[in-house]
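*Asks:* Predicted model and sequence below, questions to follow.
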Amino acid sequence: MNLPIAFEEKMKSLLGEEEYNAYLQCFDEPRHYGLRVNTRKISVEDFLKIAPWPLTPVPWISNGFYYDGSVYQPAKHPYYYAGLYYLQEPSAMTPADRLPVEPGDKVLDVCAAPGGKATELGAKLKGEGVLVANDISNSRARGLLKNLELFGIGNMLVISEEPGKLMEFFPEYFDKILIDAPCSGEGMFRKEKKMVKAWEEHGPAFFSRLQQSIITQAASMLRPGGMLLYSTCTFDPLENERTIEYLLSQHPEFEICEMDGYEGFEKGRPELTEQKIYGMEKTVRIFPHKMHGEGHYLALLKKGNAAPGERKEKTGNKKGGTKVPEDLEAFLKELNIELDPARFDLREERVYYMPEDLPALKGVRFLRSGLLLGELKKKRFEPSQALAMYLKKEDYKKTLDFSADDDRVVKYLKGETLDVEDLVTPKEKGWFLVCVDGYPLGFGKLASQTLKNKYLPGWRWQS
């Protein structure tokens, strides 16, 4: 592979001649395919019992696994449509794994599309707190929304704004922030050859200015005592250690924190910063010739209590006492879980279930705020695809559960009507939650032992 001369010289300086040769040799090795289990829906232990393909653990990620992508296609299995896992390059699993998110946290993913990190952050919240997933690109944010809904994440806001705009609405609001920053992509050269041409057009100097802007904007949205994880998929010190150095120069209340290590992790390089910053060795560099994953950089920081005064939150969604329409109330009786009516938000025909303790957000460009429960149509309520993915089988009274090898599963995912006379009595009717091996796929409407398909058209199985 032909690499730019300037890049080669930089890598030789960074690694030394002998190690640079080892780095070059890894370009001849096959890429690594990764799968990350959605622990909101299934435990790692239970997933391994039903996994249809051989899996090998990613040793530094508790719910990450390698699979042979030259032989198997996990994206063409019903379990993928049930949201049981996300397909992700192994090194890219590291940022969300190393940000210590706890249930109840308020979490921001600044550059979230397509959702590899956001889905893991949402799973770690376990339905408590709120995840704000933002991407400046509206088209990419639509893919992000689909992945979050597929994962069953309901306590979320999906936003498409510049980070600078978010500062107005979320001052010192978040407990945890993840920035997987746009970068020159040097760590992806081995996996995606087209990244080399992109690097020649927009290199580290271009992205460094963008990263400095994003990280300082994010810093103002983090509460004192909160934690921020910054990551890139590049090697250049300007985009890595020096971006952290810039943050510390602008916000000296931040300190660099240790992360859980792994034998293949390389320490960050204090000597690559202008001020030889102490603590920079706590940041992490990942090189593809040192471990089975592509190139990455990570830095975990904590915001100190330097800011005076108490934290004040503007809350804008505490409506309280929302009147529940009769058709929705009738549907809610089919649920085996309690939903707080005070968190319902009715907007025209659509009904949302909102996260708690949000600030006032008028003027923000949303793709989704909260969990879309469904729509009120001509005095009837139609539950949404998002609600189906949010529920567990035991959360709903009327279910149809197929085994993964039943050909009706793929027919359902293709949008076809199903004959289910072997599973229901002639008198049964109404909305049924369709599951595969106990994990929801979507809704269907039953009448006369025939299930009318209500699977979301834009999600359907493509042959």
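*Replies:* Arrived safely, thanks for sending. Numbers count the residues shown, from 1 in each chain.
*Asks:* average pLDDT across stretch 170-187?
*Replies:* Averaged across stretch 170-187, the pLDDT comes to 97.
*Asks:* Could you work out the end-to-end span of that stretch for me?
*Replies:* Terminal residues of stretch 170-187 are spaced 32 Å apart (Cα to Cα, to the nearest Å).
*Asks:* For that stretch, list every residue counted as buried.
*Replies:* 170-187 (16 or more other Cβ atoms under 10 Å). All C-beta atoms are positioned from the backbone trio N, CA, C, and that covers glycine.
*Asks:* Keep only those of those that are in helices.
*Replies:* Judged by DSSP state H, these include no members of helices.
*Asks:* quick one: the helix ranked longest in the chain to chain centroid distance?
*Replies:* As assigned by DSSP H, the longest helix anywhere in the chain is helix 204-221. Between the centre of helix 204-221 and the centre of its chain there are 21 Å (Cα atoms, centre = their mean, to the nearest Å).
*Asks:* I would like the residues contacting that helix, please.
*Replies:* With contacts defined as Cβ atoms under 8 Å, 6 or more residues apart in numbering, helix 204-221 is touched by 108, 110-111, 163-164, 166-167, 170-174, 177, 179, 181-184, 228, 230, 232, 234, 236, 238-239, 242-243, 246-247, 250-251, 254, 303.
*Asks:* Tell me the buried residues in that helix?
*Replies:* 204, 207-208, 211-212, 214-221.
*Asks:* just the helices in the stretch 251-400 of the chain please.
*Replies:* For the stretch 251-400 of the chain, the helices defined by DSSP state H, counting those that start in this stretch cover 326-332, 385-390.
*Asks:* looking at the ones you listed, which is closest to K10?
*Replies:* helix 385-390 (44.5 Å; Cβ to Cβ).
*Asks:* and the closest residue to E245 other than its chain neighbours, how many neighbours does it have?
*Replies:* The shortest distance from E245 to any non-neighbouring residue, by Cβ to Cβ, 6 or more residues apart in numbering, is to T273 (4.4 Å). By other Cβ atoms under 10 Å, 20 other residues sit near T273.
*Asks:* any idea how far P90 lies from I5?
*Replies:* Here the criterion is Cβ to Cβ, to the nearest Å. By it, P90 lies 30 Å from I5.
*Asks:* For N155, which residues are in contact?
*Replies:* Contacts of N155 (Cβ under 8 Å, 6+ apart): 122, 125, 127-131, 355, 370-371.
*Asks:* Pick the one among those closest to T425.
*Replies:* Among the contacts of N155, L371 lies closest to T425 (Cβ to Cβ), at 31.7 Å.
*Asks:* Quick check: closest non-adjacent residue to that closest one.
*Replies:* Excluding its sequence neighbours, the residue lying closest to L371 (Cβ to Cβ, 6+ apart) is G154, at 3.4 Å.
*Asks:* Kindly report the same for L339.
*Replies:* Y353 is the one closest to L339 (Cβ to Cβ, 6+ apart), at 6.1 Å.
*Asks:* now do P325
*Replies:* Per Cβ to Cβ, 6+ apart, closest to P325 is L376, 5.9 Å.
*Asks:* Same question for G295.
*Replies:* Spatial nearest neighbour of G295, excluding adjacent residues (Cβ to Cβ, 6+ apart): G187 at 2.3 Å.
*Asks:* Doesn't L148 belong to a helix?
*Replies:* Yes - counting by DSSP: H, G, I helix; E, B strand; the rest coil, L148 is found in a helix.
*Asks:* May I have the phi/psi pair for the residue nearest to the spatial centre of the chain?
*Replies:* For the chain, the residue nearest the mean C-alpha position is A118 (2.0 Å; Cα atoms, centre = their mean). Main-chain torsions, A118, degrees, to the nearest 10: phi -60, psi -40.
*Asks:* got a pLDDT number for it?
*Replies:* A118 is given a pLDDT of 98.
*Asks:* just checking, it touches L144?
*Replies:* Yes - taking Cβ atoms under 8 Å as the contact criterion, A118 and L144 are neighbours in contact, 6.4 Å apart.
*Asks:* intersection of neighbour lists for the two?
*Replies:* 112, 133.
*Asks:* which residues touch the residue nearest to L339?
*Replies:* Residues near Y353 by Cβ under 8 Å, 6+ apart: 154, 339, 343-345, 370-371, 373.
*Asks:* Repeat the analysis, applying 7 Å as the threshold.
*Replies:* Residues in contact with Y353 (Cβ atoms under 7 Å, 6 or more residues apart in numbering) are 154, 339, 343-344, 370-371, 373.
*Asks:* Give the PyMOL command for selecting the buried subset of those residues.
*Replies:* In PyMOL syntax, the buried subset of these is picked out as below (16+ other Cβ under 10 Å):
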select buried, resi 154+343+344+370+371+373
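*Asks:* Please tabulate the contacts of Y353 in a markdown table and include distance to Y278 and pLDDT as additional columns.
*Replies:* Formatted as a markdown table, these follow (distance: Cβ to Cβ, whole Å; pLDDT from 0 to 100):
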| residue | distance to Y278 | pLDDT |
| --- | --- | --- |
| G154 | 43 | 97 |
| L339 | 50 | 94 |
| R343 | 46 | 94 |
| F344 | 51 | 95 |
| G370 | 44 | 96 |
| L371 | 45 | 98 |
| L373 | 51 | 97 |
